Every structure is written in structure tokens, then in C-alpha cells.
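Asks: Quick one, fold the following:
(chains A and B)
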Protein chains: 2
Amino acid sequence: MTERSGVTLPAGFVASGVTAGLKSSGKPDVALVVNEGPRMAAAAVFTSNRVFAAPVKWSRQAVADGQLQAVVLNSGGANACTGPEGFADSAATASRVADNLGLITDNVAVCSTGLIGIRLPMDRLLGGVDAASNALSPDGGALAAEAIMTTDSVPKQAGSSGDGWAIGGMAKGAGMLAPGLATMLVVLTTDADLAAEELDTALREATRVSFDRADADGCMSTNDTVILMASGASGQSPTPDEFTQSLTLVCQDLARQLIADAEGAHHEIAIDVVGAASERDAEVVGREIARSNLFKCAIFGGDPNWGRVLSAIGVTDAKFDPDALDVSFNSVMVCRGGQIGEDRSLVDLSGRSVTVTVDLHAGDSTATILTNDLTYDYVRENAEYST
Amino acid sequence: MTERSGVTLPAGFVASGVTAGLKSSGKPDVALVVNEGPRMAAAAVFTSNRVFAAPVKWSRQAVADGQLQAVVLNSGGANACTGPEGFADSAATASRVADNLGLITDNVAVCSTGLIGIRLPMDRLLGGVDAASNALSPDGGALAAEAIMTTDSVPKQAGSSGDGWAIGGMAKGAGMLAPGLATMLVVLTTDADLAAEELDTALREATRVSFDRADADGCMSTNDTVILMASGASGQSPTPDEFTQSLTLVCQDLARQLIADAEGAHHEIAIDVVGAASERDAEVVGREIARSNLFKCAIFGGDPNWGRVLSAIGVTDAKFDPDALDVSFNSVMVCRGGQIGEDRSLVDLSGRSVTVTVDLHAGDSTATILTNDLTYDYVRENAEYST
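Replies: Take a look at the predicted model:
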């Protein structure tokens, strides 16, 4: 018997995870999360990739009215680039959930993750949906988190408790994008009693400083989805600030778990940009460094190569004076004022966790971007797909 | 005895390449190219990186009046992030060339390539400048091309002849950026008689569709410089169109040589974007694909993974309908209308040369971006710098 955790940590939610046979590995591959109310307020953010998968199209419509009763998720197939037939598959999946549980089809969101460009085996999937509908339980959070894994090595759950209310969540597989996969799925739940607009505002703020700043390899998926559902079962209505703060912590916890489990990565890298003229500047600079293959290879090699950091900063339009830039690796300032600083041999990059601090000396704003190093294993994972 | 080639192919130019001892390998590391006139018109384009090296700052000033008499180049040190002292080193280098040859210091451009953040050993460098000044020859083009190599495996020269006039050139080391290096240097020469403004217009047009579209790893160097000098020695003044066309061919030839010699790369990839609403759209799409690590790993693995191509296209703001996208690998259309097309097993990616064709079906504009795959060797080269 498992405990309440993840998406079933807050009151008013049941979940399940079952094996439908979509994965050749035979591992669990269909998850279901159901909001038992009394409220069914919801909000969601989706990939901004213009090539988006059928379930993203479906779920965007489903959540447009601020109401969701359930989310059904499958691994083992992304249902992306599958045309009108793929969209019909997503609709049929939502419809089966609604039929099984007496819900409204338009209140059921659908998420898929796995290979792009392949139709889902609907017989198996719908069988899995039936099994998942029968297996719903207040202890089902952990099983659901397991069923959405693709190349994740561990399931990812998080939770946070307020004064009489709670937030829970599960996530899968950003980090290093696995072979051909369309990747990040997150489901968040709360028993707080909040309106859909309040959820939406809180979710956008929380994802902006968490998942949006976890940039494993700069490649945006066709399927990325973050859904938040509120049951109101606690009867508590925290203030927007309280709720946003708590939601942000849960999202940042999940984001860190994703980066820490990025396959092929040997280091988790936090790029702290400080002294920026604006938060936007700090974010742009951090993201450019996170996207530099030269920088990422250097970290893999244990090399505090600040020249590559400066080169990356230099292509941004952020406000800074090149002769005022400070760069530290794990607190050793190897570049001071745009020139050679402390002895680089003082830097120890042997641990998994690396912090690179960039001080732009242009203001008071900050941002942290999380990323990974670029390794042989990353190349292997992403090269050996077809073989 | 070598032949006239590269920068000494056109009349009116002498060049040399010598060993000053800047490189630990003991290979040639100082090159000099001198325009003997009768004209000394010149134009140049430089890295747009805001963190740029001292020689870039120096050469920008030197060429601002449209006149250059010589370019002195060194490998074995980039003189980047070296502060006011580094700038003084560039000025001293130009000054020594001017003293040796009776030129004006402000008419001598300086280029450096090698490690960032280390002062040049000026004693050795100035000794090399003296030796190079004494070794100038109309046959010196090949030696100069050799002396600017860093991790290049072969020197790179090109040439093109018009009606009584010629263009020559040499280039070094874009492609895969070698460990910590500040990278691409190109010197172009012509004996055509053209004004500095004409050279400038032609050079910007030629580099726009050549070096600007060779994107090995998306990382922009602090030292990238392309210099064009015209001696007028042929007495011929081709039309702007004739000259631009010829210059473009020389630049594209050199750009292809750079990509073909990118260290660590196993494939040269041409991304042909067709059917774009504008040339800018075509370029943006090609560049985004070229920067996708997932795509680059797939090519290394011999995998015609069109899902990764679509994912990359989807993050651009180019005009297209996701359901109208065609993607071909080496002429096999594996994605047609945004969905599965020909059998991917028909694609053979075993050769070094790969062409990926994307048809946006949104207009008549086209652009080709050249890039490389992402390989174990790329990671090794860029990770093992400090060891």
C-alpha cells in the first residue's frame, strides 16, 4: 500500500497508472488523474512550438473554459505529426475516459509522450484507459508518476502544504531529451479553492521561473504541457501570493528533478546571472550560456573556461560593459572585469553540481537558468535511436 | 618553389608565413599579406560579438577609412579579453610591420587566433613579424595560409579569375570551434581596380550568403574577421555585379572548406530551405535546424529523424503551415505535408555529405545553411582542453 503523494497528495484527487502495452519494455504507460471536486477549476500552459502534437491541440480546447475534471496521459507515443487522424485519436481517448467515469468529454485533457510521427495503437491505449479508470485510488499518485516515464530513471513527484491546503505534482522527462521524444509533461493538483483565473495567473508566474528556466539542450518539444487542477476540497482559499509562492516551490522542485535526471548528463549546472539591468536581461544571458555547446563541453571536461562564457554573453543584447564582466565557477572568480581573475586551478568541477555566476554589473536583477553538460552519453543517446 | 595561389593569386600582392614560436607545436604561426598597389582600397567585416578581441578593435579603426596596405596575422593566441595591454600589443604589432616596410601604421590590420584570455608573447611575435617582413614573396600565399592554421587539418585557399582580373583568398578554422579558440580569419585579395565602397558592398553581399551561413556549432567567436584588399594592379574595373558574383564564389568555396574540415565532425550537412516567404525566413529556419543538437546527433547516428527537423522549424517565426511541411534527407521525402512520407529506410546517410531539404510551401525564397553533425569527437575536442 503506497501513501498519498504527488498528484494525490491534495484532497479531492484520485489517480492510477497501468500497463497498456504501448511501451515495448512492458512498463506502465497509461496514467489517469481525476478531480473529484467539489470544484473543477483548471489552468494550463503548453509548448510554444508551432509544430504541436494532437493532444496539445485537444487539451488547449479542453481547458479554454477554465474547467477540467480529469487528465489522461500516455507514454510510448507522442501522437505528434499524425494529422487529423491523430487528433481524432486524442478525442477518442478523452471520450473513453468521460464514458467510463460519467464526465464531460470536453473536461478531459489528454497528454502523450514518446516517439513523433507514429500513430498510437488505439486498441491497446483504450484498453489501458479502461484499466486506469478501474484502478483510480487516493494512493495512485506514485503509480501515475511511474506510468508517464519514458527515459526517466526515476519517477518525479513533489508536494507542498499550506495552512489546511496542499499542492502536489508529478513530472516526466525534460532534461536531456531522449531519442526522438516529445517530452515534458507535468500535472499539478491542489485542494485549495481558487478560481480558474487565479490558477492561471499563479501557474504562469510559477512556470516562468521554473520549467521555463530549465534548458537542458535548447530543444523545445512538440508536446510540453503543464496542467494545474484545483478541487477546492480543503475549503481553504489562500491569497494569490501565498498560493503562487507555494506553487513556485513545487514547480522548481520538479524542474530540478528533471535536470538532475537528464540522461547522458554528468553535471547539473545552475547559471546564476546577477547585476542585470532587468530580469529579462538576466534570463537572456543565462539562456545563451546554457545553449553554448562549447561551454557545455567544457563543464563535461572539468574546465572552468570563462572565455566561452564571455563569448556567449557577447552575442546577447543585454546591457553590460565587456570590461566589467565577472565570471565565477563554484565561487572562484576566474574572470574579473572581463580579464583573467583567480587561478583557474582553484576551481573544482568534479562534483555533479556546478554553479556558474555571472555578474553583469548593470543593475540589480537576477535569474537562474538550469542546464546540463554536453557529454558522450548525450551524443550516444541521441545518435543511436535508429540502430 | 610554390606557385602563386590564395592571397597572392591576384597581381600586386606579396605574402609570407613564418614560425615565431607562438605555437607549442613549432609550426608556422605568423603570416603577412601586403598590398603593393597601385591602389590600397579595402573593406572588412568583423564578428558581431560584443565581446571582441583587441585585434578586432584595432582593425576596425584601421579599415574605417577604406584603406589598408597590409594584414598581419598570428595563430597561437587570440589576444581576446586581455584589456588595454592587449590592445597596445595589437598596435605594437601593426607598428612593427609599418616600420619594417615603410607603411603607415593605421593602414595595417591585425588578426589573431588561438586561446582567449592570455597575453601574446610579444618578443616572439615581433621577431616573427620581422622574419615575415623579410620573407615576403609573390609565391607566399600558400605559406601564409599554413601559418594561420590552428586545429585546421589542411590550409584553405581559393581563387577565381575574371576577364583580366582575379580574386584570391585564404581562411582558417571555423567549422568545429577548437578548444577555447577564437576562430575564423579570412583574407581576400583582388587586383581589380575598385573603390572601397564598392568593395564594402560586394564583401557584405558575399559574406552574407557564405560565411554567415556556415554555422558549425552556433557559437560566435570574439575574433572573426574577413578582410578584402584591392591592389588595382590589373587595371581592370569589373562591374559591381561581376565582382560580387566572383567574390561570392570564392567566399562560398572557402566556407565549404571550413565546414568540411570541422574537427570532430563526421558529416557536412547542407540544409536547403526552399519555398520560403522570404530569404530571411529561409535563413532563420535553416539556422534553427543547424543549431538543434538533437538533429545534429541524429545525423551522426545515420538517422533521418524528421521529427527533430519539424520541432526546430516550429520554434521559428517563419511563415508556414505545419501541415504543409515537406522534409527530405538526401532527396528521400520522409515527411510530406507534416506527416510520415517515404520509408525512412530508403535514406542512406553513410556518406560524409548530407543534404536536408525543407520545403515550407510559403513562397519562392531559398537559403542554404552549412553545418556539421554532433559527434563524440566534437565533445572530446571541446571537453579535453584543460587536461
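
Asks: Okay, now the unreliable bits of the stretch 101-250 of chain A?
Replies: Applying pLDDT under 70 to the stretch 101-250 of chain A flags residues A:174-182.

Asks: Strands along the stretch 151-300 of chain A, start to end?
Replies: A:156-161, A:166-172, A:181-182, A:185-190, A:225-230, A:268-276 (DSSP state E, counting those that start in this stretch).

Asks: Could you say which one of those comes nearest to chain B?
Replies: strand A:181-182 (7.6 Å; Cβ to the nearest Cβ). (Glycine included, C-beta is placed from N, CA and C.)

Asks: May I see the strands of the stretch 151-300 of chain A organised as CSV, with distance to B:Ser153 and mean neighbour count added?
Replies: Listed next are these as CSV, based on distance: least, Cβ to Cβ, whole Å; neighbours: other Cβ atoms under 10 Å in any protein chain shown:
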stretch, distance to B:Ser153, mean neighbour count
strand A:156-161, 45, 21
strand A:166-172, 43, 28
strand A:181-182, 36, 30
strand A:185-190, 45, 31
strand A:225-230, 46, 28
strand A:268-276, 32, 22
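
Asks: Distance to B:Ser95 for the ones you listed - can I get that in CSV?
Replies: Formatted as CSV, the strands of the stretch 151-300 of chain A follow (distance: least, Cβ to Cβ, whole Å):
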stretch, distance to B:Ser95
strand A:156-161, 62
strand A:166-172, 61
strand A:181-182, 58
strand A:185-190, 61
strand A:225-230, 60
strand A:268-276, 38
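
Asks: Identify the residue spatially nearest to the residue of the stretch 101-250 of chain A found nearest chain B, adjacent ones excluded.
Replies: Residue nearest to chain B within the stretch 101-250 of chain A (Cβ to the nearest Cβ): A:Ile116, separated by 3.2 Å. What sits nearest to A:Ile116 in space, not counting adjacent residues and going by Cβ to Cβ, 6 or more residues apart in numbering or on different chains, is B:Gly307, at 3.2 Å.

Asks: Could you measure from that neighbour over to B:Glu288?
Replies: 15 Å (Cβ to Cβ, to the nearest Å).

Asks: Show me which of the two is the more surrounded one.
Replies: B:Gly307 (26 against 22; other Cβ atoms under 10 Å in any protein chain shown).

Asks: wait, isn't the more buried one in contact with A:Thr82?
Replies: No - B:Gly307 is not in contact with A:Thr82 according to Cβ atoms under 8 Å; the separation is 10.8 Å.

Asks: Outline the domain layout of chain A.
Replies: With domains defined by automatic domain parsing, chain A comprises A:6-260, A:268-383.

Asks: which helix of chain A spans the most residues?
Replies: helix A:240-260 (DSSP state H).

Asks: relative to strand A:166-172, how tilted is that helix?
Replies: Orientation of helix A:240-260 against strand A:166-172 (axes from the mean of the first three to the mean of the last three Cα atoms, to 10 degrees) gives an angle of 30 degrees.

Asks: helices and strands around helix A:240-260, which ones?
Replies: Using 3 or more Cβ pairs under 8 Å, 6 or more residues apart in numbering or on different chains; DSSP states H and E, the elements in contact with helix A:240-260 are strand A:156-161, strand A:166-172, strand A:185-190, helix A:196-208, strand A:268-276, strand A:365-372.

Asks: ok, back up a step: the domains of chain A into JSON lines, with extra columns for distance to B:Asp224?
Replies: Output for these, formatted as JSON lines (distance: least, Cβ to Cβ, whole Å):
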{"stretch": "domain A:6-260", "distance to B:Asp224": "22"}
{"stretch": "domain A:268-383", "distance to B:Asp224": "11"}
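
Asks: Mind checking those domains for the one nearest to B:Val273?
Replies: domain A:6-260 (15.1 Å; Cβ to Cβ).
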